[in-house]
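Asks: When you get a sec, could you give me coordinates for this:
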Amino acid sequence: MYKKLIIALIICVLCLSPIAAENWDSFAGDVNHSAYRDGESGFVTNLWTFNMESPVHCSPAIYKDYIYVVSDDGMLKAINMEKGHEEWKLDLKSKTNSSPIVHSNRLYIGCEDGIKAVNINTHKISWEYDCNDVQSTPFFYDDVVYFGCDDGHLYGLDKDNGKVVLNKKLDGKFKSSPIVVNDSIYIGSTNGKLYSVGTDKEKNWDYTTGDQILSSPSYVNETIIFGSTDGNLYCLNESDGALNWKVDLNNKIISSPTIDENDNSVFVGSDEGNLTCIDTRDGTVKWSHHAGDKIKSTPALKENLIAFGCDNGNFYVLNKYTGLEEFTYNPGTFLFNSKITSSPAINGNSLFFGDDSGNVYSLNIEKHEVPGSMQLYYSIGVLIVVLIVAVVVVKKLKK
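Replies: Numbering: from 1, shown residues only. The predicted structure follows:
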């Protein structure tokens, strides 16, 4: 009897565990911004390109067999991760710069006219909450959806019906995405302050930087790490907001920091064009890789690799220990380069990101395999033109 009961409980735990792991509850998937999920058994990594028909600045959200992407014009699309085919789409009828999150078959997306919850099964809007422009990517915590808004308010809405659970008036506008840890919400404002607010609606503390905070904070070992457009990366105590360390990276930081807890490292890009690796314990710079243009993309982490996009149209994959390039992918060519401000997401060996041309790409990060780029088509086109011109010239010479 007891043996059967124990076996039944084990089966239940095994069945429930993958469901919990599938959720994509925040910007870049978690409080570390690793943007990584283990691929399910049997998942095949394929190379493909999918056009959204409008620039893609958001980060894809991974859930089950699909990635969910929103283009700037407010078109939400579910794309099959293996095949690169559109499964369904929904016009949100509002522009958006917020990235989607997914929890238990429901998407939550910030738009210019507020926030919307979309049922993945029916492909319809479950509820929406009207407020000013929401560029802050929501965070799902304890059945509440938290986000900041351009009206200077921090909101928490009930996941099922969108009813207000928290409405805290702060200052400035919120472009930064919140994280929630141990019943405290952390979010940066355009007024240069990082706020800590309890889920009980009481403000814990705030910390003032020298300029706007557009970067979303990360969490590691009881500390909050975030960047500011004053050029500094900050590390504060979770409990009281005291400064542990800060590092001057010489230019605006819009990219959000990505944490590697195992290696005590934080990775962050800057408008200086560098991706920098810093020790989370004391702020010591381990290495810095110069990409050549602004890095607004938040890096994604897989094992010994760190991956990110750049304003020069290149996508970089580096060794996380040395900062040396493993490989670089340019989807365009000199005449057709598009900025990559979208932050990548990784499922197993498949890496996904979007760019300003409106394309979404699937790469094999382990085998360094990429889909065909515009460079290839451009080269073929030039070759065809040259051959046609050569044929015409030869014919004229024969006359």
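Asks: Show me the strands in the stretch 251-399 of the chain, by range?
Replies: For the stretch 251-399 of the chain, applying DSSP state E, counting those that start in this stretch gives strands covering 258-260, 265-269, 274-279, 285-290, 300-302, 305-309, 315-319, 325-329, 345-347, 350-354, 359-364.
Asks: right, I mislabeled it, should have said the stretch 1-150 of the chain
Replies: Taking DSSP E, counting those that start in this stretch as the criterion, the stretch 1-150 of the chain carries its strands at 36-37, 48-51, 61-63, 66-70, 75-80, 86-91, 101-103, 106-111, 114-119, 124-130, 139-141, 144-148.
Asks: and D171, which of those strands is closest to it?
Replies: With distances scored as CB to CB, the stretch of the strands of the stretch 1-150 of the chain nearest to D171 is strand 144-148 (11.3 Å). (Each C-beta comes from the backbone N, C-alpha and C, glycine too.)
Asks: contacts for the closest one?
Replies: Contact partners of strand 144-148, identified using CB atoms under 8 Å, 6 or more residues apart in numbering, comprise 98, 108, 110, 115, 117, 134, 136-140, 154-159, 165-166, 173-178, 180, 185, 187, 189, 199.
Asks: List the strands paired with that strand, with their directions.
Replies: Strand 144-148 has these partner strands in its sheet, going by DSSP bridges: strand 139-141 (antiparallel), strand 153-158 (antiparallel).
Asks: ok and that strand relative to strand 106-111, angle-wise?
Replies: If you take axes from the mean of the first three to the mean of the last three CA atoms, to 10 degrees, strand 144-148 sits at 20 degrees to strand 106-111.
Asks: got the angle for strand 144-148 vs strand 124-130?
Replies: Using the same axes, to 10 degrees, strand 144-148 lies at 50 degrees relative to strand 124-130.
Asks: I'd like the average pLDDT over strand 144-148.
Replies: For strand 144-148, the mean pLDDT works out to 98.
Asks: Okay, now the unreliable bits of the chain?
Replies: Residues of the chain meeting the criterion pLDDT under 70: 1-21, 41, 333-335, 373-399.
Asks: right, so of the strands of the stretch 1-150 of the chain, which gets closest to S342?
Replies: Among those, the nearest to S342 by CB to CB is strand 66-70 (8.6 Å).
Asks: and the closest one, which strands flank it?
Replies: Here strand 66-70 is paired, per DSSP bridges, with strand 61-63 (antiparallel), strand 75-80 (antiparallel).
Asks: Reformat those strands into CSV and put distance to G283 next to each item.
Replies: Output for those, formatted as CSV (distance: least, CB to CB, whole Å):
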stretch, distance to G283
strand 61-63, 31
strand 75-80, 39
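Asks: Would you mind telling me which of the ones you listed is nearest K294?
Replies: Comparison of those against K294 by CB to CB identifies strand 61-63 as nearest, at 24.2 Å.
Asks: So what touches that closest one?
Replies: 22-24, 29, 37, 67-69, 81, 99-102, 107, 120, 345, 347, 352.
Asks: so how far is P217 from Y63?
Replies: 24 Å (CB to CB, to the nearest Å).
Asks: Tell me which of the two has more neighbours.
Replies: P217 (27 against 24; other CB atoms under 10 Å).
Asks: Would you mind extracting the C-alpha trace of stretch 169-189 into PDB?
Replies: Taking Å, rounded to 0.1, in the frame of the first residue of the first chain, the C-alpha atoms of stretch 169-189 are listed here in PDB:
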ATOM      1  CA  LYS A 169       3.000  55.900  -7.300                       C
ATOM      2  CA  LEU A 170       6.700  56.400  -7.600                       C
ATOM      3  CA  ASP A 171       8.600  59.000  -9.800                       C
ATOM      4  CA  GLY A 172       9.800  59.100 -13.300                       C
ATOM      5  CA  LYS A 173       8.900  56.700 -16.100                       C
ATOM      6  CA  PHE A 174       9.500  52.900 -16.100                       C
ATOM      7  CA  LYS A 175      11.300  51.400 -19.100                       C
ATOM      8  CA  SER A 176      13.200  49.000 -16.900                       C
ATOM      9  CA  SER A 177      11.600  45.600 -16.300                       C
ATOM     10  CA  PRO A 178      11.100  44.500 -12.600                       C
ATOM     11  CA  ILE A 179      12.300  41.400 -10.800                       C
ATOM     12  CA  VAL A 180      10.600  40.100  -7.700                       C
ATOM     13  CA  VAL A 181      12.700  38.200  -5.000                       C
ATOM     14  CA  ASN A 182      11.700  37.300  -1.500                       C
ATOM     15  CA  ASP A 183       8.500  39.400  -1.600                       C
ATOM     16  CA  SER A 184      10.300  42.500  -2.800                       C
ATOM     17  CA  ILE A 185      10.100  44.200  -6.200                       C
ATOM     18  CA  TYR A 186      13.100  45.900  -7.700                       C
ATOM     19  CA  ILE A 187      12.700  48.300 -10.700                       C
ATOM     20  CA  GLY A 188      14.700  51.200 -12.200                       C
ATOM     21  CA  SER A 189      13.200  54.500 -13.200                       C
END
